[in-house]
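In: Sharing a model prediction with you, sequence too.
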Amino acid sequence: MRILLVEDEKKIANFIERGLKEEHYIVDIAYDGEKGLFLAEINAYDLIILDIMLPFKDGLSICRELRSKKIATPILMLTARDRVEDKVLGLDLGADDYLAKPFEFEELLARVRALLRRKETDKSTILKIADLELDQLTHKVKRAGREISLTSKEYTLLEYLMLNANQVVTRTMISEHVWNEDFDSFTNVIDVYIKYLRNKIDKDFKRQLIHTIRGTGYTLKERSG
């Protein structure tokens, strides 16, 4: 699942990003309100974590604009202001939850999971192709009923491939969604992780699901033809 984090305090942003990535979430970061609004408008996110006090455009204004444009992505607001009036205003503008700083990461994570569960009420969290299953909430992966243990990065890569099943994804697309915008897509790191995945997902099965599209990238589908 993909989360947008809009937080101008880089130490806090890096702390949240690191924790969420350890839980297998894909995280994009904006350090100011204008970039945060731009990313929220052009990308499909499962959740937005939005600080209120931001440079250029504050979180309340961003929340108001997103809801006015019918963007219904769940929003968890962060703020150092713990006044009841601030919470009420944020919720009235369309925020789904509110967390005051300072906070423990475990509480943030619990709220993230609760909002994602609420969002997924009418939508299955199970991604499936052939006999391969991935549960986006529990992060469990199974093939032919057998549970497969993946590292955080392997899980994130597989989730991205499954979300784009039967489509070709380029190395650039993978680097932007699974790593970050500063990642060098011309290194062989992506190929190495694809090999790791193949060893766990395909090696012991007759039907191969991960396919290389020479000179372009990869695709995950039932048949190579």
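Out: Noted; the coordinates are in hand. Owing to the predicted nature of the structure, the values given are computational and were not obtained by experimental measurement.
In: Can you name the next helix or strand after the lowest-mean-pLDDT helix or strand in the chain?
Out: Across the helices and strands of the chain, mean confidence by mean pLDDT, DSSP states H and E is lowest for helix 84-92: a mean of 73. Where DSSP states H and E defines the elements, the next helix or strand beyond helix 84-92 is strand 97-100.
In: Contacts only, for Lys57.
Out: In this structure, Lys57 makes contact with Asp32, Gly33, Glu34, Gly36, Leu37, judged by CB atoms under 8 Å, 6 or more residues apart in numbering. For every residue, glycine as well, the C-beta is placed using N, CA and C.
In: List the buried residues in the longest helix along the chain.
Out: Assignment by DSSP state H gives helix 105-119 as the longest helix of the chain. Applying a neighbour-count criterion of 16 or more other CB atoms under 10 Å, one finds Leu108, Leu109, Arg111, Val112, Leu115, Leu116, Lys119 buried in helix 105-119.
In: Just the C-alphas of it, formatted as CSV.
Out: Once non-C-alpha atoms are left out, helix 105-119 reads as follows in CSV (Å, rounded to 0.1, in the frame of the first residue of the first chain):
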residue,chain,number,x,y,z
PHE,A,105,5.2,5.2,16.5
GLU,A,106,3.1,2.2,17.6
GLU,A,107,0.1,4.5,18.0
LEU,A,108,0.7,6.1,14.6
LEU,A,109,0.9,2.6,13.1
ALA,A,110,-2.3,1.5,14.8
ARG,A,111,-4.1,4.5,13.4
VAL,A,112,-2.7,3.8,10.0
ARG,A,113,-3.9,0.2,10.1
ALA,A,114,-7.3,1.3,11.3
LEU,A,115,-7.8,3.8,8.5
LEU,A,116,-6.6,1.3,5.9
ARG,A,117,-9.0,-1.3,7.3
ARG,A,118,-11.8,1.2,7.1
LYS,A,119,-10.9,2.0,3.5
